[in-house]
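**Student:** What would the 3D arrangement of this be:
(one chain, ligands or ions: 1)
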Amino acid sequence: MLLKKIKFLVSVCVIFGVLSWGAFYSNTIWPEKQSPGIFQVIAQDGTDAVMLEDAQKTADLFNQVLQEDMNITLNRDIKVFICSTKEQYASVLQKEFHMKEKNIDREAQVTGGMANADLRVVALNGSSNNMRLSQNRVATLGHEMFHQVQAQLSHDKGDKALHWLTEGTADFIGARMAEKSGYLPMSQFPVERINALRTTSDPIDPGEVFHADDDEWLKLMEKDESSYHIADLMVYYLLTAVPDNQKYELIAAYFKEVGQMGNGEKAFEKVFKRKTDAFLTDFEVWLSQQQSKPATLQIVRQDGISIAYYDDVQNSVMLARQFLKNQWGGDLYASQKIILTNEAGYQMALQRELGLSPAEAAERGGKSLYYNYGHTVVLNMTSLSHKEQRVFVPAMILISYFQEQTASQEQLSKLTWFSNGSIYVTAAYTVESAGLANLNMYKKTWFRLLAQTDARPSLMKLETDDGWKSAVKTYGEGTVDEVAELAACYLIDKYGLASIHTWTKQVQSTGDAEKAFAEVYGMTPTEFDVVFESYLAKHL
Ligand SMILES: [Zn+2]
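**Tutor:** Okay, the predicted model is just below:
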């Protein structure tokens, strides 16, 4: 079972009224129209049809959301560039955004989208990792388009607004666009962000985010995504007491007020009727309460899933957590949502819960047992017809989350056979503790299956993620899994279960999976490969 995941990367950015000649352009060259503006979607060569459709739909929906939720109209004509490669995106940034040559490479690398309010352009970097999901494309476009609205409402004094409100409200509207497009509901807006902050090793002080000017914001942004997460949560918290049907109008009122007063902090106090210092103090208390709560594991049973299946998954989750606590002295930091669905509901759940487009859901749903994104996992229970599988798979997913909260996926994947193999074996322990099988049975089965194959990869070939994938193509998934499982079993039998967690912690502290392996097991992975080959030769 290949662990299928996409790294959760939020990378959105804006150039917003920071260009010194912006004031010259605004209102003089571009007279304000009274009729709704037009979004002209311009696709670069090779743009995926699904991505283009998402962009067109988002553009159409955007004006509707403004009118219905905010009672305003965007009167400006905006060009929306959809780029499918990093090179195209870089070229758009140069030609259409007039970006300085020295900034282009870096911006093309780290941003998923961009807006320039003075030039009335928006771009989407379709090559960025997180733009692989339809939901994120909608949210990012919504975010960038909303920067254009902020500019209009504030009469191009957007640079006077509190920066976190500029970014946080753009994310809020982006999420609203995703919700309106049939993806995650707004109630999920804070969850992933709190989760992300709970797993950040080096948190940013909310006060820094609150007071950041343009330059300071750029520095925060370069560090990681925490500044966006905190800004988003400040917006969420600011609007919690406001009835849903007034939240969006209040956001619009803020940017109008910035245009009137030319001062983001004063506009904040007037519109939200809060003193900035008092708000920040209250927010900090709230955030620390949210972060100190134990992680919750929510299991959602969709139509057609029996109580018995639900109970198996619940049992698995409980046993996996017990395993983590008893064997490794740890727990999951982030709250998780596990959605149980059947074959018939699987694709729909992938769309709604994980943000895949219908075409993507059809493609990916066809060949997977489960799919996860962020901290939500959708399980296709039809494919888990044995009780044992219904305990094994959820446990495996949770244990892999635990591994990744200890060390990064990128570091762990430098020794893929061990990181995957150890997760499979520990999941098998969970099945054993459920009284459904014992590890010896598993081991015997893995040996038997491996003995039946003509060829198998060496551990060396399974060191990297790419190596693993290519071995799966050559030898088949089962054989590759069995090699990794037996290797992990050998190490656990000899050095104990705790050694896996020691390794993970060493990976985190040294940043080097191979070095960590040598430190824990007293031999390099290459040396172990020799030991393991002779062990297999003896037992197969
Ligand atoms: Zn932005």
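
**Student:** I'd like to know how many residues surround the closest residue to Gln88 other than its chain neighbours.
**Tutor:** Leaving out its chain neighbours, the residue that sits closest to Gln88 by CB to CB, 6 or more residues apart in numbering is Gln44, at 4.2 Å. From N, CA and C alone the C-beta is placed, and that goes for glycine too. By other CB atoms under 10 Å, the residues close to Gln44 number 18.

**Student:** buried stuff in the top helix by length along the chain?
**Tutor:** Ordering each helix of the chain by length in residues (DSSP state H) puts helix 307-328 first. Residues of helix 307-328 classed as buried by neighbour count (16 or more other CB atoms under 10 Å): 309-310, 312-317, 319-321, 323-324, 328.

**Student:** Find out how far it is from the centre of the chain, if you would.
**Tutor:** Distance of helix 307-328 from the chain centroid (CA atoms, centre = their mean, to the nearest Å) equals 24 Å.

**Student:** Repeat that for stretch 216-225.
**Tutor:** Worked out by CA atoms, centre = their mean, stretch 216-225 lies 18 Å from the chain centre.

**Student:** Equivalent analysis for stretch 211-223, please.
**Tutor:** Stretch 211-223 sits 22 Å away from the centroid of its parent chain (CA atoms, centre = their mean).

**Student:** and what of stretch 146-158?
**Tutor:** 28 Å.

**Student:** Tell me the buried residues in it?
**Tutor:** 146-158.

**Student:** Take these and keep only those in helices.
**Tutor:** Phe146, His147, Gln148, Val149, Gln150, Ala151, Gln152, Leu153.

**Student:** and those residues as JSON lines, adding distance to Thr453 and pLDDT?
**Tutor:** Below are those laid out as JSON lines (distance: CB to CB, whole Å; pLDDT from 0 to 100):
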{"residue": "Phe146", "distance to Thr453": "55", "pLDDT": "97"}
{"residue": "His147", "distance to Thr453": "56", "pLDDT": "97"}
{"residue": "Gln148", "distance to Thr453": "58", "pLDDT": "96"}
{"residue": "Val149", "distance to Thr453": "60", "pLDDT": "96"}
{"residue": "Gln150", "distance to Thr453": "60", "pLDDT": "97"}
{"residue": "Ala151", "distance to Thr453": "62", "pLDDT": "96"}
{"residue": "Gln152", "distance to Thr453": "65", "pLDDT": "96"}
{"residue": "Leu153", "distance to Thr453": "65", "pLDDT": "96"}
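
**Student:** So which of these is the closest to the ion?
**Tutor:** His147 (5.7 Å; CB to the ion).

**Student:** Excluding sequence neighbours, find me the nearest residue to that closest one.
**Tutor:** Ala115 (4.0 Å).

**Student:** pretty sure the one you found is touching Val122, no?
**Tutor:** Yes. The pair Ala115 / Val122 is scored as a contact, 4.9 Å apart, by CB atoms under 8 Å.

**Student:** Neighbour count: these two, which is higher?
**Tutor:** Remark: of Ala115 and Val122, Val122 carries more neighbours, 30 against 27, as counted by other CB under 10 Å.

**Student:** for the helix or strand the residue nearest to His147 falls within, the distance to its chain's centre please.
**Tutor:** According to DSSP states H and E, Ala115 maps onto strand 113-116. Distance, stretch centre to chain centre, for strand 113-116: 20 Å (CA atoms, centre = their mean).

**Student:** Does anything pack onto it? Which helices or strands?
**Tutor:** strand 121-125, helix 134-153 (3 or more CB pairs under 8 Å, 6 or more residues apart in numbering; DSSP states H and E).

**Student:** on that earlier part again, adding distance to the ion, write the ones in helices among the buried residues of stretch 146-158 out as CSV.
**Tutor:** Shown next, in CSV, are these (distance: CB to the ion, whole Å):
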residue, distance to the ion
Phe146, 8
His147, 6
Gln148, 11
Val149, 12
Gln150, 9
Ala151, 12
Gln152, 16
Leu153, 15
